[in-house]
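Peer 1: structure for the following, please:
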Amino acid sequence: MKKLLIIEDDAAIAEGLTELLRLEGYSTEAESDGEKGYQKARTSAWDLIILDLMLPGKDGLSVCKDLRSEGVHTPILMLTSKKEEIDKVLGLEIGADDYVTKPFSVRELVSRVKALLRRVTFDTGELRHFCFGDVQVDFIKYEVTRNEKPIKLSATEFRVLHYFTEHLGEVITREKFLDDVWGYNAYPTTRTVDNFILSLRKKIEVDPSAPKHLITVHKIGYKFCQ
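Peer 2: Prediction:
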């Protein structure tokens with residue numbers, strides 16, 4: 001049984017998520033304080049963490065950032081009541097694997113959880129190592145370096161990068177990404193892909209404002225150039 005940790009200070013939302021996810025067959029625990037949730041997240045084995053952005057004690061961005069800096073790779077689904085793209089992008093930059101904006105539907109939340117759990121691990125096939133520019137990628141060890149300095153990527157960012165390397169030079173639509181990488185049955189928003197690409201560019205491109213590898217194809221999607 002998959003173990004999920006919910007860090008959410010709104011009692012009604014936390015209770016609703018707990019009941020909903022238990023009905024879906026998951027084991028859940030909840031914390032309403034950011035610091036307590038952080039301590040629990042770093043000391044126990046979880047399959048997924050649902051993390052609210054605004055928390056007492058320690059905000060969600062700090063929780064996520066500190067977990068990643070300590071080497072905790074548990075997938076994180078971030079909840080935010082803010083609609084500004086900057087909050088979502090910041091969450092992705094520090095290691096969140098996905099986000100849902102409040103208010104969210106029950107169906108969407110469950111779909112995001114299931115999809116995220118499915119994509120935590122993936123078959124690298126014969127492609128185990130890949131290099132481009134000054135970046136070296138080890139898909140087996142989940143390690144990326146640029147100029148021999150480590151770069152921290154989330155599990156989803158590894159999947160996005162791996163997908164790109166398997167489709168060198170191909171133009172990939174946002175919907176195709178959501179199908180093959182995110183595994184969504186229904187598209188919540190193609191901005192999800194745009195935000196991940198923006199975050200990934202900041203980590204692997206020398207000049208993210210003038211990318212040489214993750215190229216935007218206007219009104220269609222993206223392609224990867226080695």
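Peer 1: where are the low-confidence patches of this structure?
Peer 2: 82-86, 119-126, 184-190 (pLDDT under 70).
Peer 1: for stretch 51-59, the distance to its chain's centre please.
Peer 2: 18 Å (C-alpha atoms, centre = their mean, to the nearest Å).
Peer 1: so what touches it?
Peer 2: 7-10, 13, 32-38, 60-61, 63-64, 76-82, 87, 91, 96 (C-beta atoms under 8 Å, 6 or more residues apart in numbering). C-beta here means a position set from N, CA and C on the backbone, and glycine is covered the same way.
Peer 1: nearest residue to Ala30 other than its sequence neighbours?
Peer 2: Ile6 (4.3 Å; C-beta to C-beta, 6 or more residues apart in numbering).
Peer 1: list the residues that contact that neighbour.
Peer 2: 14, 17-18, 21, 28-31, 49-50.
Peer 1: could those residues go into JSON lines alongside distance to Val193 and neighbour count?
Peer 2: Below are these laid out as JSON lines (distance: C-beta to C-beta, whole Å; neighbours: other C-beta atoms under 10 Å):
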{"residue": "Ala14", "distance to Val193": "29", "neighbour count": "19"}
{"residue": "Leu17", "distance to Val193": "25", "neighbour count": "22"}
{"residue": "Thr18", "distance to Val193": "30", "neighbour count": "18"}
{"residue": "Leu21", "distance to Val193": "26", "neighbour count": "20"}
{"residue": "Thr28", "distance to Val193": "29", "neighbour count": "20"}
{"residue": "Glu29", "distance to Val193": "31", "neighbour count": "14"}
{"residue": "Ala30", "distance to Val193": "30", "neighbour count": "19"}
{"residue": "Glu31", "distance to Val193": "31", "neighbour count": "20"}
{"residue": "Ile49", "distance to Val193": "22", "neighbour count": "26"}
{"residue": "Ile50", "distance to Val193": "21", "neighbour count": "27"}
